[in-house]
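1. Need coordinates for the following:
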Amino acid sequence: MAGMPNSACDSRLAKRMQFTLDSTRESYTIRAYSPGQVSVNLPVYRIQQEAAAVDPNLPAQSRITQVTVTRSAVVSAHRLIEDWAPQAFDELRAEHFDELAAFNPEIVLIGCGERLRWPDPALISRLQRQGIGVEVMDTGAACRTFNILIAEQRNVVAALLL
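-> Residues are numbered from 1 along each chain as shown. This is a model prediction of the structure:
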């Protein structure tokens, strides 16, 4: 805005720029991570399924809205595998990467545990040859990145080693 002091320009822009948190209640999201466990928010449809299985008349505040996973897991927008076969980084095998490819994701986040470690490049290339992006990081970073990508409505899968 020509002729306006920077502070006046910044002030006018700030008034027009608003940010709101877009709730992703239709998808699994990660609520919390600490070494050895991940808390996953359930999507609305799963909350309703759980309630119907127990008692359809259960008040909303009494319904289960999250699960705590204490074994390695795979999370996507619409699916949660609470006990993924590799429980340690050294157990990663080709068949585990084939399981991830079956989700048909745009990107796979591999959370390697408390510290960053790189899987065998041959394992990663199994996904890359199919046009699937792969990001390797520690599990905490994978959880945070998963939520950001889910909020952007990206087709993402997080493989989390606990």
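2. Quick check: bridge partners of the residue lying closest to Thr29 once chain neighbours are set aside?
-> Spatial nearest neighbour of Thr29, chain neighbours left out: Asn41 (4.6 Å); criterion: Cβ to Cβ, 6 or more residues apart in numbering. Using the backbone N, CA and C atoms, a C-beta is placed for each residue, glycine as well. Beta-bridge pairing for Asn41 (DSSP bridges): Thr29, Gln66.
3. isn't Asn41 right next to Ile30, touching?
-> Yes. Counting by Cβ atoms under 8 Å, Asn41 does reach Ile30; the two are 7.4 Å apart.
4. ok so, going back, and the residue nearest to Thr29, what is it in contact with?
-> By Cβ atoms under 8 Å, 6 or more residues apart in numbering, the residues touching Asn41 are 28-31, 65-66.
5. give me that answer again for 6 Å
-> Asn41 is in contact with 29, 31, 66, counting by Cβ atoms under 6 Å, 6 or more residues apart in numbering.
6. Averaged pLDDT, the helix or strand encompassing Arg144. What do you get?
-> Per DSSP states H and E, Arg144 falls inside helix 139-151. Mean pLDDT, helix 139-151: 97.
7. list the buried ones in it?
-> 139-143, 145-147, 149-150 (16 or more other Cβ atoms under 10 Å).
8. Dump those residues to a markdown table, plus distance to Ala101.
-> Below are those laid out as a markdown table (distance: Cβ to Cβ, whole Å):
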| residue | distance to Ala101 |
| --- | --- |
| Thr139 | 20 |
| Gly140 | 24 |
| Ala141 | 22 |
| Ala142 | 17 |
| Cys143 | 21 |
| Thr145 | 19 |
| Phe146 | 17 |
| Asn147 | 22 |
| Leu149 | 17 |
| Ile150 | 19 |
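9. out of those residues, who's nearest Ile124?
-> Ala142 (14.4 Å; Cβ to Cβ).
10. packing partners for the host helix or strand of Val136?
-> In this assignment (DSSP H and E), Val136 forms part of strand 133-137. Other helices and strands packing on strand 133-137, by 3 or more Cβ pairs under 6 Å, 6 or more residues apart in numbering; DSSP states H and E, are strand 107-111.
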